[in-house]
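A.B. asks: No sequence on hand, only this structure:
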């Protein structure tokens, strides 16, 4: 079903190289993040083209001064910080390196290699794992009470609460031909 859906997608428009990256990030920030109030928040952006604007380094751009409807970087990343969202960038090629440099002036970004489609699931898994680990470490360090030892022989796991969770696994195609 997924392959059929993707095979029917037609792309069009544009004409320049740059993409509406800032508009896309703005749309993500407008999602209902409040429904995930006490959870780790992660934004993963995969990119092979920079945003509109000469500061990102590409000459083929219909909006060399930046897209007129895009919010400023300081506005976007200030909101991202307020919302406690971790940002990861899946680097498909070097076209977005200047973008990452500009973004990092406003918000920390973890850059991960995503040149090979086979790496996409690893980028997603590693991004979420790192964010959850950092969030868990900050929560456990701020709690009063004993820390659980890593050595299993020193722990009493039988007294730990059992929590329900859902684990989902996605299988990514090895190449674009696998989607067709």
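C.D. replies: Done, it's in. No experiment lies behind these values; they were computed from the predicted model shown.
A.B. asks: In three-state terms, label the closest residue to residue 28 other than its chain neighbours for me.
C.D. replies: Leaving aside its sequence neighbours, residue 28 sits nearest to residue 43 (C-beta to C-beta, 6 or more residues apart in numbering; 5.8 Å). In this view, the C-beta of every residue, glycine as well, is placed from N, C-alpha and C. Following DSSP: H, G, I helix; E, B strand; the rest coil, residue 43 is assigned to strand.
A.B. asks: Contact partners for residue 43?
C.D. replies: 25, 28, 80, 85-88 (C-beta atoms under 8 Å, 6 or more residues apart in numbering).
A.B. asks: Closest to the centroid, which residue in the chain?
C.D. replies: Centroid-nearest residue in the chain: residue 44, 1.2 Å away (criterion: C-alpha atoms, centre = their mean).
A.B. asks: quick one: pLDDT of the nearest residue to it once chain neighbours are set aside?
C.D. replies: Nearest residue to residue 44 in three dimensions, chain neighbours excluded: residue 88, at 4.8 Å (C-beta to C-beta, 6+ apart). Looking at residue 88, its pLDDT is 90.
A.B. asks: do residue 163 as well
C.D. replies: 68.
A.B. asks: Test my guess that residue 109 contacts residue 103.
C.D. replies: Yes - using C-beta atoms under 8 Å, residue 109 is in contact with residue 103, at 5.4 Å.
A.B. asks: quick one: common contacting residues for these two?
C.D. replies: With contacts defined as C-beta under 8 Å, 6+ apart, the residues shared by residue 109 and residue 103 are 87, 89.
A.B. asks: if we can go back for a sec, from residue 112, how far out is the residue nearest to the centre of the chain?
C.D. replies: 9 Å (C-beta to C-beta, to the nearest Å).
A.B. asks: intersection of neighbour lists for these two?
C.D. replies: Common neighbours of residue 44 and residue 112 (C-beta under 8 Å, 6+ apart) are 88-90, 123, 127.
A.B. asks: From those, pick the one nearest residue 20.
C.D. replies: residue 89 (16.1 Å; C-beta to C-beta).
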